[in-house]
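K.L.:
Kindly generate the corresponding structure for this input.
(chains A and B)
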Amino acid sequence: MGDSARHVIWGNPYLIRFFAATLLAVTCMVIRGVYRSVELIQGWRGYLITHERFAVVLGGVMMFLAGAVFNLWNPGS
Amino acid sequence: MNWIFLPEQHGTLQSQMPLDIVLRWWRVLFFFSLSLVLHVWQTPRHKTYWLGAAFSLGALGEAIGWGARVAANPCPYSGQLMEMQLAALIMGMWSQQSLDIFLILRAKQFKLTYRSSTTAPAFTAAGIYGILTLVVPVIDREKSLLGPRLYLVIFMIVDFFSGSLQGIGGGTDTKPGTYTKVAGVIWQLLSTCVFAVLCQWVILRGMSSGAIRT
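P.N.:
Here you go, the predicted model:
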């Protein structure tokens, strides 16, 4: 505990990167969730659901990032 | 520019979709395939089989879904391709596979339309839950509100119900059906937010106290 243990975490670049990756993935999931909610609230003829770029950027790209950060910083390493 | 599956317009309408939209689909498909290959390749090397399987299946489901979109380019109103896309998105949400297939069949039987429903990317989500399960013992059990296994169990159960709500809502072609789907999506958003808070709790507390087991 204390300073030495803190040093262990901050001095461990793998752990820091891994935390960053996890937080990024969760953030992407939340962004996607917000997008999906608003899209459906607008309805089947709403602006978001009839415009492909939103599905690609806010749906596809976010999910890609959520999976791909763990390609870069694999939990096993 | 507007593009969507309109179930009431089934048939073989030739689309004139702008090239940039199709290119966007191809790009997304490419990246998901890349992620899939990398996960399959990395998993045995890092010996994280469950996580690797979850992320691989998540990427696979997304890749098939976006592949169906690419394939749907010449004929966006094809019912078959819509089903392929649906099946792929179901793959991304393992928990309600049977439920959704049942709903598609039932919709066909009664000549109802099945709204294209993109539900939870449950495999990727499960992988992220699994990561917290993995991290908690490394940091310190005391720094976490829940036991490591509980994260996985609780949030996968919640995902199952929100996915079911979305599937039921997507399967019923009425206003209440859409409301049901909205309820499922918002529920899922809330559970993701709760998970985000728990996740930050663990990481920030672990970092500030510096407690770590090695």
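
K.L.:
Only C-alpha atoms from now on, for both contacts and neighbour counts.
P.N.:
OK.

K.L.:
neighbours of residue B:157, just the number please.
P.N.:
Counted with other Cα atoms under 10 Å in any protein chain shown, the neighbours of residue B:157 add up to 12.

K.L.:
after whichever strand or helix holds it comes which helix or strand?
P.N.:
Per DSSP states H and E: residue B:157 is located in helix B:148-171. Next along the chain after helix B:148-171, taking DSSP H and E as the criterion, comes helix B:175-209.

K.L.:
What is the helix holding residue B:157 packed up against?
P.N.:
Applying 3 or more Cα pairs under 8 Å, 6 or more residues apart in numbering or on different chains; DSSP states H and E, we find helix B:148-171 packed against helix B:97-109, helix B:122-139, helix B:175-209.

K.L.:
Distance to chain A added to the ones you listed, as a markdown table?
P.N.:
Formatted as a markdown table, these follow (distance: least, Cα to the nearest Cα, whole Å):
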| stretch | distance to chain A |
| --- | --- |
| helix B:97-109 | 18 |
| helix B:122-139 | 6 |
| helix B:175-209 | 5 |
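
K.L.:
tell me the most buried of those?
P.N.:
Between the helices and strands packed on helix B:148-171, helix B:122-139 has the highest mean count of neighbours, a mean of 23, where neighbours are mean count of other Cα atoms under 10 Å in any protein chain shown.

K.L.:
hey, C-alpha coordinates of that one in PDB?
P.N.:
Taking Å, rounded to 0.1, in the frame of the first residue of the first chain, the C-alpha atoms of helix B:122-139 are listed here in PDB:
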ATOM      1  CA  ALA B 122     -23.900  -8.500 -26.700                       C
ATOM      2  CA  PHE B 123     -20.600 -10.400 -27.400                       C
ATOM      3  CA  THR B 124     -18.500  -7.300 -27.400                       C
ATOM      4  CA  ALA B 125     -20.300  -6.100 -24.300                       C
ATOM      5  CA  ALA B 126     -19.800  -9.400 -22.600                       C
ATOM      6  CA  GLY B 127     -16.100  -9.100 -23.400                       C
ATOM      7  CA  ILE B 128     -15.900  -5.800 -21.700                       C
ATOM      8  CA  TYR B 129     -17.800  -7.100 -18.700                       C
ATOM      9  CA  GLY B 130     -15.300 -10.000 -18.600                       C
ATOM     10  CA  ILE B 131     -12.500  -7.500 -18.600                       C
ATOM     11  CA  LEU B 132     -13.700  -6.000 -15.300                       C
ATOM     12  CA  THR B 133     -14.000  -9.400 -13.900                       C
ATOM     13  CA  LEU B 134     -10.400 -10.000 -14.900                       C
ATOM     14  CA  VAL B 135      -9.200  -6.600 -13.600                       C
ATOM     15  CA  VAL B 136     -10.700  -6.600 -10.100                       C
ATOM     16  CA  PRO B 137      -8.500  -9.400  -8.700                       C
ATOM     17  CA  VAL B 138      -5.500  -7.700 -10.100                       C
ATOM     18  CA  ILE B 139      -6.300  -4.400  -8.500                       C
END
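
K.L.:
thinking again about what came up before, and the angle from the helix holding residue B:157 to helix B:122-139?
P.N.:
Here the directions of helix B:148-171 and helix B:122-139 differ by 170 degrees (axes from the mean of the first three to the mean of the last three Cα atoms, to 10 degrees).

K.L.:
Just the mean pLDDT for helix B:148-171, thanks.
P.N.:
Averaged over helix B:148-171, pLDDT sits at 79.

K.L.:
mind exporting that helix as PDB, just the C-alpha atoms?
P.N.:
Only the C-alpha atoms of helix B:148-171 are listed here, as PDB (Å, rounded to 0.1, in the frame of the first residue of the first chain):
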ATOM      1  CA  PRO B 148     -15.400  -9.900  -9.800                       C
ATOM      2  CA  ARG B 149     -17.800 -12.600 -11.100                       C
ATOM      3  CA  LEU B 150     -20.900 -10.600 -10.300                       C
ATOM      4  CA  TYR B 151     -20.100  -8.000 -12.900                       C
ATOM      5  CA  LEU B 152     -20.300 -10.600 -15.700                       C
ATOM      6  CA  VAL B 153     -23.400 -12.300 -14.300                       C
ATOM      7  CA  ILE B 154     -25.400  -9.300 -13.400                       C
ATOM      8  CA  PHE B 155     -24.800  -7.300 -16.600                       C
ATOM      9  CA  MET B 156     -25.300 -10.300 -18.900                       C
ATOM     10  CA  ILE B 157     -28.600 -11.000 -17.300                       C
ATOM     11  CA  VAL B 158     -29.600  -7.400 -17.700                       C
ATOM     12  CA  ASP B 159     -28.500  -7.500 -21.300                       C
ATOM     13  CA  PHE B 160     -30.500 -10.600 -21.900                       C
ATOM     14  CA  PHE B 161     -33.700  -8.800 -20.800                       C
ATOM     15  CA  SER B 162     -33.000  -5.600 -22.600                       C
ATOM     16  CA  GLY B 163     -32.200  -7.700 -25.700                       C
ATOM     17  CA  SER B 164     -35.400  -9.600 -25.300                       C
ATOM     18  CA  LEU B 165     -37.400  -6.400 -25.000                       C
ATOM     19  CA  GLN B 166     -35.800  -5.100 -28.200                       C
ATOM     20  CA  GLY B 167     -36.500  -8.300 -30.000                       C
ATOM     21  CA  ILE B 168     -40.100  -8.400 -29.000                       C
ATOM     22  CA  GLY B 169     -40.500  -4.800 -29.900                       C
ATOM     23  CA  GLY B 170     -38.800  -5.300 -33.200                       C
ATOM     24  CA  GLY B 171     -41.000  -8.300 -33.900                       C
END
